[in-house]
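Undergrad: kindly generate the corresponding structure for this input.
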Amino acid sequence: MRDTRSYDDPCGIARALDAVGDRWAILVIRELIFGPKRFLQLRGGLRSVSPNVLSQRLRDLEGVGIVRRGVLDPPASVAVYELTEVGRALEPVLLELGRWGSRQAITTSSEMSADALLLALKTSFDPAAAADGTFALDVDGDWFTVIVSAGLVQITRGHAEQPAVTFHADVGTLRSVAFGREPIAAAEDAGRLTVTGDRALAERFARMFPAPRSA
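TA: Predicted structure coming up:
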């Protein structure tokens, strides 16, 4: 049963926090922003959360119409959680929160999840440095499609059809390369990155996401 604690404040911010202010709620939404996930996949992206707490947060978010349960099409036919239209409307909020938070000092040595990394890329995307193209990203076995067109970036979960460039890497390597902290060639030489497709476009990809400056 959902905790009925409330700020008892009619302000829109207070009402928003009544819905998503509990611990882990925003991060659950982060993990679903690019598409549906199974319960175990959610736990993989939220490594410190207990099964009981995650189950409670999912129930809470279902209760306020942000998350819903569904079933993948055959042959998978497995239960998944996905954002509703109300939940997807939170993406601009997450992007702005991510931009603000990325300027704060990092106080953990833990690596971020694949979804967190892709959201971080979206927050730092620089239209002036962009080159149109479709990119397939295999991040620790999770596939994402990144489409850059007319100065905009679109990211979805799943394998792109006929991508111009495909990257295979772990989260840490892709984070380092995409934010320009490590050359593509160096990561390839170390055996941590595989790139196929348009080489020049791959190099442009690594310049589209300037690392944020600390506050």
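
Undergrad: thought Tyr7 was touching Ala14?
TA: Yes - counting by Cβ atoms under 8 Å, Tyr7 touches Ala14, with 4.1 Å between them. (Glycine included, C-beta is placed from N, CA and C.)

Undergrad: what pLDDT does the residue nearest the centre of the chain get?
TA: Geometric centre of the chain, nearest residue: Asp115, 2.7 Å, by Cα atoms, centre = their mean. Per-residue pLDDT puts Asp115 at 97.

Undergrad: one more: the one 5 residues further on?
TA: What the model reports as pLDDT for Ala120 is 95.

Undergrad: can I get the helix or strand where it lies in CSV, CA atoms only?
TA: Ala120 belongs to helix 114-124 when elements are defined using DSSP states H and E. Backbone C-alpha positions of helix 114-124 (Å, rounded to 0.1, in the frame of the first residue of the first chain) are rendered in CSV as follows:
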residue,chain,number,x,y,z
ALA,A,114,24.0,2.3,-19.4
ASP,A,115,20.7,4.2,-19.3
ALA,A,116,22.2,6.8,-17.0
LEU,A,117,25.1,7.2,-19.5
LEU,A,118,22.8,7.6,-22.5
LEU,A,119,20.8,10.2,-20.6
ALA,A,120,24.0,12.0,-19.7
LEU,A,121,24.9,12.1,-23.4
LYS,A,122,21.6,13.6,-24.2
THR,A,123,22.0,16.3,-21.6
SER,A,124,25.4,17.3,-23.0
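
Undergrad: what packs against whichever helix or strand comes after it?
TA: Remark: after helix 114-124, the chain's next helix or strand is strand 133-139, criterion DSSP H and E. Packing partners of strand 133-139 (3 or more Cβ pairs under 8 Å, 6 or more residues apart in numbering; DSSP states H and E): helix 114-124, strand 142-149, strand 165-169, helix 171-178, helix 199-205.

Undergrad: need those in TSV (columns: distance to Arg30).
TA: Below are those laid out as TSV (distance: least, Cβ to Cβ, whole Å):
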stretch	distance to Arg30
helix 114-124	6
strand 142-149	14
strand 165-169	20
helix 171-178	14
helix 199-205	22
